[in-house]
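[1] Pasting the sequence and the predicted model now:
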Amino acid sequence: MEATAVSTSMNGIAQFIQSGGIFMWVILLIWAIGIAIAIERFSKLSFKLDVDGASFMNELQRYILSNDIQGAIRVCSGSVAALPKVLKSGLKRSNQSTAQMQNAIDATALEVIPKVELRLNYLQLIANISTLFGLLGTIQGLIETFTAVGSADPAQKQELLALGISKAMNTTFLGLLAAISVMMLHAFLASKSEKIINEIDEFSVKLLDLLGTKQEKEN
């Protein structure tokens, strides 16, 4: 019984896609690309580029206050996340002026931040394109429908018109479904990206303040 229900659902989906014409396959291809980009970005942002900024900074602070700058650098070297890489560049110049430390941090941030935001703008583009292809498929379907109705038998016109419009709307439905899902993924990933960038800004300033205060005490 369950196998029959699954088979019926699969047949319904296949019929739904086939009835929409070529644009249904175009939308599915674009949607698949969007999902692939989202999965790749989620993997990078969640498991490679992100780190608990507050906990990481607390750990660095303990090393710095203990005058163990090399230990703090080793902690940064043990992570591939964006924040440790930026802070590490500042720690390497901890014996130099605040301006030099700031320049090192800024240079590394300019290198790291584009990697955090990489390909996120593509998701917005894919969402827009999916919607437009859905509308384009609908217009093509309506043109084909009215052309067919114009040469059809009067008794069949109403049935052909209803069937044709139903088919034409399928592309709009799929296009909007793809666009909405990709937009939601983009919003989620953009928030993670923004969190990483904000932590870089916040903890870079805190590191500079901490190292600057340490230098003043030593002098």
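    Nice, I can see it.
[2] And for residue 100, the neighbour number?
    Residue 100 has 13 neighbouring residues, counting by other C-beta atoms under 10 Å. (C-beta placed from N, C-alpha, C; glycine too.)
[3] I meant to write residue 113 there.
    Residue 113 has 17 neighbouring residues, counting by other C-beta under 10 Å.
[4] In terms of helices and strands, where is it?
    Element membership of residue 113 [criterion: DSSP states H and E] is helix 98-116.
[5] how about that helix as PDB, C-alpha atoms only?
    Extracted in PDB, the C-alpha atoms of helix 98-116 (Å, rounded to 0.1, in the frame of the first residue of the first chain):
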ATOM      1  CA  THR A  98      49.500  49.900  17.000                       C
ATOM      2  CA  ALA A  99      49.300  51.300  13.500                       C
ATOM      3  CA  GLN A 100      51.400  48.500  12.100                       C
ATOM      4  CA  MET A 101      49.300  45.900  13.900                       C
ATOM      5  CA  GLN A 102      46.200  47.500  12.500                       C
ATOM      6  CA  ASN A 103      47.600  47.500   9.000                       C
ATOM      7  CA  ALA A 104      48.400  43.700   9.300                       C
ATOM      8  CA  ILE A 105      44.900  43.000  10.600                       C
ATOM      9  CA  ASP A 106      43.300  45.100   7.900                       C
ATOM     10  CA  ALA A 107      45.300  43.400   5.100                       C
ATOM     11  CA  THR A 108      44.400  39.900   6.300                       C
ATOM     12  CA  ALA A 109      40.700  40.900   6.800                       C
ATOM     13  CA  LEU A 110      40.600  42.100   3.200                       C
ATOM     14  CA  GLU A 111      41.900  38.700   2.100                       C
ATOM     15  CA  VAL A 112      39.600  36.700   4.400                       C
ATOM     16  CA  ILE A 113      36.200  38.500   4.100                       C
ATOM     17  CA  PRO A 114      35.700  37.800   0.300                       C
ATOM     18  CA  LYS A 115      36.100  34.100   1.100                       C
ATOM     19  CA  VAL A 116      33.400  34.400   3.700                       C
END
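[6] How about the very next helix or strand once past it, which residues are buried there?
    Later in the chain than helix 98-116, the nearest helix or strand by DSSP H and E is helix 120-150. Neighbour counts using 16 or more other C-beta atoms under 10 Å place 120, 122-123, 126-127, 129-131, 133-134, 136-138, 140-142, 145, 149 of helix 120-150 among the buried residues.
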